[in-house]
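Asks: how does the following fold in three dimensions:
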Amino acid sequence: MTSSTEAVTREWDGLTIPAAGTYQLDAAHKRVGFVARHMMVSKVRGEFGEATATITVAEDPMRSSVSATIQAASINTSQTDRDAHLRSGDFLDAEKFPTLEFRSTGVKSRDGNEFVLTGELTIKDVTRPVELEVEFEGVGRSPYGQDIFGFSASTEIDREEFGLTWNVALETGGVVVGKKIKIEIEGEAIRQA
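Replies: Okay, the predicted model is just below:
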């Protein structure tokens, strides 16, 4: 935590942003969710209950970085049988590959409070480049004296590119599970140092 005399925010290109430092994703204020098409007619939403992230805010904000780890077994779609199937070898194979990993490789174009965070996502034993559209939500100090900032991020991946190829063809055409998965992240980060 910072001392009361140390700057906790700064102005940068018309935005009030956090001071440079290391921040951790607040476990109590985060959602790592996803949306998948089901039976070609509806959407199934779920989330991973256990995820950690370290965000390093650099002096030059465009050189900031993120690393995140998601526990595969923490997947939850509010349907026990489906969750067990998603943890199985047909999908995440959580016993053999207990985590999903993300490491940023750069920050790209920005417009106002919107950025593009490039990085590498690893699911099972496959690593592929991804781009997250990030919206910086604001910065402040909690009632507990913690310096925090909020953000949201999203991207879309083709699950088959990560080896998640299980599916069943439908008699009416199409498949049970769509290939495209939308990832939706909301969170607050707390300054550590």
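Asks: please name the residues that touch Glu131.
Replies: Shown in contact with Glu131 (Cβ atoms under 8 Å, 6 or more residues apart in numbering): 108, 116-119, 155. Any C-beta I mention is one placed from the backbone N, CA and C, and that applies to glycine too.
Asks: try it again with 10 Å
Replies: By Cβ atoms under 10 Å, 6 or more residues apart in numbering, Glu131 lies in contact with 105-106, 108, 116-119, 155-156.
Asks: just those: which has the poorest pLDDT?
Replies: For these, the weakest pLDDT value sits at Lys108, with 88.
Asks: look up which helix or strand it falls in, please.
Replies: Secondary structure assignment for Lys108, by DSSP states H and E: strand 99-111.
Asks: mind giving me the packing neighbours of the helix or strand of the chain with the lowest mean pLDDT?
Replies: Lowest by mean pLDDT, DSSP states H and E among the helices and strands of the chain is strand 42-48, with a mean of 89. Helices and strands touching strand 42-48, by 3 or more Cβ pairs under 10 Å, 6 or more residues apart in numbering; DSSP states H and E, are strand 21-38, strand 65-71, strand 75-76, helix 80-87, strand 177-191.
Asks: want to throw those into CSV with mean neighbour count?
Replies: Below are the helices and strands packed on strand 42-48 laid out as CSV (neighbours: other Cβ atoms under 10 Å):
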stretch, mean neighbour count
strand 21-38, 17
strand 65-71, 19
strand 75-76, 20
helix 80-87, 14
strand 177-191, 19
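Asks: okay, these in CSV with distance to Phe136 next?
Replies: Formatted as CSV, those follow (distance: least, Cβ to Cβ, whole Å):
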stretch, distance to Phe136
strand 21-38, 12
strand 65-71, 13
strand 75-76, 27
helix 80-87, 31
strand 177-191, 11
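Asks: sketch out the low-pLDDT regions of the chain for me.
Replies: Residue ranges of the chain with pLDDT under 70: 1-7, 38-41, 167-176.
Asks: quick one: the helix or strand that the strand holding Lys108 is followed by to strand 99-111, angle?
Replies: Downstream of strand 99-111, the first helix or strand assigned by DSSP H and E is strand 114-123. With axes from the mean of the first three to the mean of the last three Cα atoms, to 10 degrees defining the directions, strand 114-123 sits at 160 degrees from strand 99-111.
Asks: identify the farthest-apart pair in the contacts of Glu131.
Replies: Greatest spatial distance among these (Cβ to Cβ): Gly106 and Glu156, at 19.2 Å.
Asks: alright, that wraps it up for me.
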